[in-house]
Each structure stands twice: as C-alpha cells, then as structure tokens.
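Enquirer: Return a 3D structure for these sequence lines:
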Amino acid sequence: MKMTLIDQFLILALIAAVGTFSGVATGQATQTKPAPKQEETKAQEKQAEEKPAAEAAESSESSNEAPEPFEVAVAKNKIKFSASGTWAAVPPRSRMLEAEIRINRVGTDAADGRLTIMGAGGSIKANILRWQNQFKQADGSSTAEKTKTEERTIAGQKVNIVDISGTFIDSPGGPFSGQPKVERENYRMLAAIIQTPASGNYFVKLYGPKATIDKNEEHFKSMIESLKVEN
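Expert: Residues are numbered from 1 along each chain as shown. I've put the predicted structure just below:
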C-alpha cells in the first residue's frame, strides 16, 4: 500500500507531538526532584534559628542561679555576717558607711535595693524615729503606727528589727548634701540595730522598691541570723 504525501506528513506530525509531550513530562519530573532538598534546607534554617533562642534561654536560666554566700565584716572584723541571694558588695557611697551591698531589682521596679552597714550613736528610739520620719503614708496616716518592731537576741546580742513601708523621702546626696529630696512611692525598709558591748550600736538597713525588698526579705533575715560578734 502506497503512502500519500498527506499520510507521510500526518505521521511526522504525530511523531513530533509525542516527542514534545515526552520532553515536557521529563522537564516537569526534573523540576519536582529538588523539592525534598528544598524542604531539607528549610528544616536546617529553622533549626539554625531555634538554636540561638535555646542557648539564650539556657544562659538566662544559668544567670538566675543564686551565687555563693559571701562574708561581710565591719567593726575591724569583730562583727561579721553571711550575705546570700543575688547581692553584690559595692564601694560605699559615703565615708560614714563601713559596707554597702547592691540588691538586684525585680520585675518592673525602677531601682535596685540598697543595704548599708554603719556604726552610730544615739538611742534606739531616736534612730527608729529618724527612720520613720523618712517615710510618709499616701493616706496621710501615721507611719509610726504602721511601723513593725521586734526585739530579739542573736549571737548573744540585743537586736531590734524594724519594718517600715510607704513613700520614702530620699536624700540622694546624703542628709547634709543640700541636694533636693526625692519622694519614692511604694518603698520598704528593713533594718536591724545590733547592740554590742565592745563595738557599740551597729545599723544594718535594707531599703528600696517594695517588690524588690519583699523578694529579698528572707535573705535579709538570714543575714541577720548569721551574725557573729567578737568582744
């Protein structure tokens, strides 16, 4: 059977069409092959992004660990305490002070807590009154009536514990600096007056934003309980 020119042309067109379809199918298959590799790359990128976050969280947890307690000594090493918590000894702001400790602020508190130790004269009552006068109440009530006091015996010494809260009237430059006073709302003070026969009265005072002091109240109590006195 002889093929006409038209038959030959149709056969050639059919062969060309089949070849084109095969090429398209092959191209599509080639394009879909890298997909698993792309997914693998995305997974690797995600792991790379998550790793620093995990390391930062681990570092944060590590930094929140309480440091080892450290010794605080005053009165020519005759009076000693053991301080704990996230506290750090710093140079005293005033020559009147024998020791000063910074207490890291918590939450949204605007300032760190401050603990000072010094020897001073004056009666117990007069010093407590002086501290009370450094506070005022938002409702106008008496600070003296809201002051909590306790007398204890620790390491054979009489110790007066004082707890005052309210608006603190701060003297940033010290009581005799002449600088304007600053009212700091929602503050708290924890203090201890230690009466020693050999070294006289020593005053340990912790004050700062209430949330920070509340958080460190047990550390303050622990420090006072650790008192050691050499006569």
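Enquirer: Need the nearest residue in space to Ile224, chain neighbours excluded.
Expert: With sequence-adjacent residues excluded and distances taken as CB to CB, 6 or more residues apart in numbering, Ile224 is closest to Ala192, at 4.9 Å. (Each C-beta comes from the backbone N, C-alpha and C, glycine too.)
Enquirer: Rounded mean pLDDT for whichever strand or helix holds that neighbour, please.
Expert: Using DSSP states H and E, Ala192 falls within strand 182-196. For strand 182-196, mean pLDDT rounds to 97.
Enquirer: so Met118 bridges to which residues?
Expert: Note on Met118: beta-bridge partners by DSSP bridges are Phe203.
Enquirer: so it touches Met96, yeah?
Expert: Yes. Between Met118 and Met96 there is a contact under CB atoms under 8 Å: 5.6 Å.
Enquirer: what about these two, which has more around it?
Expert: Of the pair Met118 and Met96, Met118 is the one with more neighbours under other CB atoms under 10 Å, namely 18 against 13.
Enquirer: who's in contact with that one?
Expert: Residues near Met118 by CB atoms under 8 Å, 6 or more residues apart in numbering: Val74, Met96, Leu97, Glu98, Tyr202, Phe203.
Enquirer: quick one: pLDDT of the first one?
Expert: What that stands for is Val74. So Val74 comes in at 97 (pLDDT).
Enquirer: Format the CA atom coordinates belonging to the strand holding Ala192 as PDB.
Expert: C-alpha atoms of strand 182-196 as PDB (Å, rounded to 0.1, in the frame of the first residue of the first chain):
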ATOM      1  CA  VAL A 182      13.100  62.900  96.200                       C
ATOM      2  CA  GLU A 183       9.900  61.100  97.100                       C
ATOM      3  CA  ARG A 184       9.900  57.500  96.100                       C
ATOM      4  CA  GLU A 185       6.500  55.800  96.300                       C
ATOM      5  CA  ASN A 186       5.900  52.300  97.400                       C
ATOM      6  CA  TYR A 187       9.200  51.700  99.100                       C
ATOM      7  CA  ARG A 188      10.000  49.500 102.100                       C
ATOM      8  CA  MET A 189      12.800  49.500 104.700                       C
ATOM      9  CA  LEU A 190      14.000  46.500 106.700                       C
ATOM     10  CA  ALA A 191      16.600  47.400 109.400                       C
ATOM     11  CA  ALA A 192      18.400  45.900 112.300                       C
ATOM     12  CA  ILE A 193      20.000  47.700 115.200                       C
ATOM     13  CA  ILE A 194      22.700  45.500 116.800                       C
ATOM     14  CA  GLN A 195      23.800  46.500 120.300                       C
ATOM     15  CA  THR A 196      27.300  45.200 121.100                       C
END
